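Novice: Based on what follows, work out the 3D shape:
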Amino acid sequence: MRLGRPKFLFQSLMVVGLGVTAAQHAGHELSLGWYLGALLFAWLSHLMTHYCNEYFDLEADRANEAPTSWTGGSRVLVSGLLPPVVSLGAAFLLLFAAVFLLAAMPDTASRVMAAAILAASWFYTAPPLKFNYRALGEVVCAAVLYGLGPLLVFRLQAGGLSASMCAYVGVVFAFQFLRMSVMNLSDQAGDRRVGKRTLAVALGPRGLVRLYVIGQCVVYASIVPLIVATVPLLPGLAMLATFPVPLWVARQLLRGALTTGERADAVTFWASMHMPITAVAITLGLLADLARRDAGIDGVWLAICGTTLAVFAGWFTRAVRSSATARAEAVTP
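Specialist: Residues are numbered from 1 along each chain as shown. This next block holds a predicted model:
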């Protein structure tokens with residue numbers, strides 16, 4: 001369980017919820033079977049990526065002398081608690097299970113999208129492509145989890161895509177790219193020692209922080225014309241309301257927070273949480289817009305979505321308290 005780092009599965013849980021809610025907002029009926037199928041596929045591929053990365057990133061993780069709770073791997077293989085082959089075997093089993101779901105998808109386009117997700121996820125660290133060793137990992141991760149992922153979910157529900165869904169995906173894709181840049185920045189010293197060329201290694205700390213700050217400003221500024229062109233007002237405002245999270249992260253990065261253990265953990269935590277928080281914000285905005293228009297919300301999906309959001313809120317509250325406690329203990333003499 002520790003090796004698989006299941007806490008990150010909340011990211012894909014929120015992504016699937018966003019895709020289904022967007023399809024509901026577009027007037028499509030709920031397909032409960034494909035909601036469950038998409039969620040299972042997302043979790044299988046997400047966990048597969050974790051186990052695959054643990055195996056192929058082992059040398060880099062060993063070289064990382066300052067891991068955080070959110071970067072540097074699980075430390076299970078580094079500590080010798082399990083042999084590396086266990087991680088590789090788990091990754092293959094999850095891959096095979098995901099392929100069975102892929103084969104059952106209803107049309108060729110969905111199967112191609114699912115195949116692209118699996119291939120990009122596997123070769124994120126696995127040879128011969130090793131995207132995250134060639135300064136391509138950030139964009140590949142964003143394209144898989146917050147690009148193709150929600151688009152596939154929407155297609156399984158709606159049978160196609162919409163301009164507004166593509167707009168939501170464009171925003172969260174850009175946020176995920178910037179978030180992954182910060183995560184790799186935390187690991188860049190160890191990565192540099194083993195020749196792992198992430199974007200953080202390629203640009204250096206100052207260049208990467210500059211990219212994060214400018215990138216966040218550009219993405220948030222782009223939300224306004226999206227509201228004018230295609231995105232409903234309430235989901236658009238919900239996206240804008242998440243700005244305090246990257247603002248805090250940017251301020252910490254500019255102050256050199258990643259050089260201090262307890263502050264680095266907080267920065268990587270909030271950089272990671274920016275993604276599910278944004279997915280939740282869009283989801284709530286879409287539901288609020290449906291309620292405002294009195295368009296009707298599927299009762300089954302409303303129950304599922306409400307339960308999912310409540311579970312995430314409970315986990316998130318506990319994670320924030322744990323992070324705050326860890327920082328307090330770290331600074332107490």
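Novice: right, and residue 35 touches residue 308 too?
Specialist: No: in this structure, residue 35 is not within contact of residue 308 by Cβ atoms under 8 Å, at 10.4 Å. C-beta here means a position set from N, CA and C on the backbone, and glycine is covered the same way.
Novice: quick one: which of those two has more around it?
Specialist: Applying other Cβ atoms under 10 Å to residue 35 and residue 308 shows that residue 35 carries more neighbours, namely 22 against 19.
Novice: so what's residue 240 up against?
Specialist: Applying Cβ atoms under 8 Å, 6 or more residues apart in numbering to residue 240 gives the contacts 220, 223-224.
Novice: Recalculate using a threshold of 7 Å.
Specialist: 220, 223 (Cβ atoms under 7 Å, 6 or more residues apart in numbering).
Novice: any idea how far residue 219 is from it?
Specialist: 11 Å (Cβ to Cβ, to the nearest Å).
Novice: Also residue 177?
Specialist: Counting by Cβ to Cβ, the gap from residue 177 to residue 219 is 9 Å.
Novice: ok, now residue 63?
Specialist: Counting by Cβ to Cβ, the separation of residue 63 from residue 219 is 32 Å.
Novice: Repeat that for residue 70.
Specialist: In this view, residue 70 and residue 219 are 21 Å apart by Cβ to Cβ.
Novice: and if you look at residue 242?
Specialist: 11 Å.
Novice: and what of residue 203?
Specialist: When residue 203 is compared with residue 219 (using Cβ to Cβ), they lie 18 Å apart.
Novice: who has more neighbours, the two?
Specialist: Higher neighbour count among residue 203 and residue 219: residue 219, with 20 against 17, using other Cβ under 10 Å.
Novice: Give the closest residue to the more buried one in space, chain neighbours not counted.
Specialist: residue 174 (4.6 Å; Cβ to Cβ, 6 or more residues apart in numbering).
Novice: after the helix or strand containing residue 44, next one along is what?
Specialist: Assigning secondary structure by DSSP states H and E places residue 44 in helix 32-56. The element immediately downstream of helix 32-56 (helix or strand, assigned by DSSP H and E) is helix 58-63.
Novice: What residues of that next one count as buried?
Specialist: 58, 60-63 (16 or more other Cβ atoms under 10 Å).
Novice: now stretch 305-323
Specialist: Buried positions in stretch 305-323, judged by neighbour count with 16+ other Cβ under 10 Å: 305, 308-309, 312, 319, 323.
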